[in-house]
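K.L.:
Structure of the sequence below:
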Amino acid sequence: DAIVLYPETILGNPLKSERVIRYFGNKNGVLVDEVNCSGREYVISHSRSIHDTADQYLFFAYIDPVFNPAKILNFKERKFSSFYIGKGNLYTNPHYFDDAIEITRHWPSKKQQLAILLQNSQFFFTYDSWTNTNVEAILCGAIPVYLHNGPFTDDEIDSAEFGVIPRIKFNEEIRVDDDFLGNFEAQRIELINRIKLVHFEWDSGVLNLIKNVKDKFY
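P.N.:
Now for the predicted structure:
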């Protein structure tokens, strides 16, 4: 009677379940070979930009409060920049910056330490276009510079549940002046407000998921 939930990195149905949920946290076929979903399975996607025919979307929008400080340093007070590769090495050959601090999945090991780094970074250079670290950087006031979009287009990034992500795109030439910084700050505040709205909808989304899955399988 059990329902089995597989992430998109599990191919086939190794547990031979008659009730299968497929969960997509990334685009189908990006991390492993493409998963073939049957009509008998229930498909959940983290975002509408990941799977355009999912049965349900459930976007987890929680951001740790340490990444939303009451006051942020202005651009000129920040002493360095940082960079992040993440899943970027799946899509391109990343460049390592000798004059910036590298952030990895394992370092810093504590969120408070990561927040300190981001709150003191002028720019956050990222090869991973689909990671919460990009959003955390923005909330801390660091300007993200997307060096590669990975499997996503600019439209897919900006049409996801968080809406437009303020950033410098890899094919743009931007003058970081007072106008740019003022616009970035306004977009940062708008993003914070959208995150609150999406997070507020989480509980109702989970309850709706439970109902839909029961209707599907029982």
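K.L.:
Could you use CA atoms for every contact and neighbour count after this?
P.N.:
Will do.
K.L.:
Excluding chain neighbours, what is closest to Q112?
P.N.:
Closest residue in space to Q112, ignoring its immediate chain neighbours: V66 at 6.2 Å, by C-alpha to C-alpha, 6 or more residues apart in numbering.
K.L.:
A helix includes the one you found, no?
P.N.:
Yes. Assigned with DSSP: H, G, I helix; E, B strand; the rest coil, V66 falls within a helix.
K.L.:
was I right about it contacting Q113?
P.N.:
No. V66 lies out of contact with Q113 (C-alpha atoms under 8 Å); the separation is 9.5 Å.
K.L.:
When those two are compared, which one has more neighbours?
P.N.:
Between V66 and Q113, counted using other C-alpha atoms under 10 Å, V66 has the larger neighbour count: 16 against 13.
K.L.:
Quickly note the distance from the residue sitting nearest the centre point of the chain to P144.
P.N.:
Geometric centre of the chain, nearest residue: T131, 3.3 Å, by C-alpha atoms, centre = their mean. Applying C-alpha to C-alpha, to the nearest Å, the value for T131 to P144 is 12 Å.
K.L.:
what ranges do the strands span in the protein?
P.N.:
Taking DSSP state E, the strands of the chain run over residues 4-7, 20-24, 42-45, 56-57, 80-84, 101-103, 121-126, 143-146.
K.L.:
Please name every helix or strand in contact with the last one.
P.N.:
With contacts taken as 3 or more C-alpha pairs under 8 Å, 6 or more residues apart in numbering; DSSP states H and E, strand 143-146 sits against strand 121-126, helix 132-139.
K.L.:
Return the most buried member of the ones you listed.
P.N.:
Stretch with highest mean neighbour count among these: strand 121-126 (a mean of 26; mean count of other C-alpha atoms under 10 Å).
K.L.:
Pull up the pairing partners for that strand, direction included.
P.N.:
The pairing partners recorded for strand 121-126 under DSSP bridges are strand 80-84 (parallel), strand 143-146 (parallel).
K.L.:
Mean pLDDT added to those strands, as CSV?
P.N.:
Output for the strands paired with strand 121-126, formatted as CSV (pLDDT from 0 to 100):
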stretch, mean pLDDT
strand 80-84, 97
strand 143-146, 98
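K.L.:
picking up where we left off before, next one: phi and psi at the residue nearest to the centre of the chain?
P.N.:
phi -150, psi 150 (degrees, to the nearest 10).
K.L.:
Could you number the chain from 503 rather than 1 from now on?
P.N.:
From this message on, residue numbering opens at 503, which makes the last subject T633.
K.L.:
how far away is it from Y564?
P.N.:
T633 is 13 Å from Y564, by C-alpha to C-alpha.
K.L.:
do T511 as well
P.N.:
23 Å.
K.L.:
Same check on P668?
P.N.:
Counting by C-alpha to C-alpha, the gap from P668 to Y564 is 19 Å.
K.L.:
Comparing those two, which shows the higher neighbour count?
P.N.:
The neighbour comparison of P668 against Y564 (other C-alpha under 10 Å) goes to P668, with 21 against 13.
K.L.:
I'd like to know how far the more buried one sits from D535.
P.N.:
32 Å.
K.L.:
As a markdown table, the helices and strands packed on strand 645-648 with mean pLDDT would be great.
P.N.:
Listed next are the helices and strands packed on strand 645-648 as a markdown table, based on pLDDT from 0 to 100:
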| stretch | mean pLDDT |
| --- | --- |
| strand 623-628 | 97 |
| helix 634-641 | 97 |
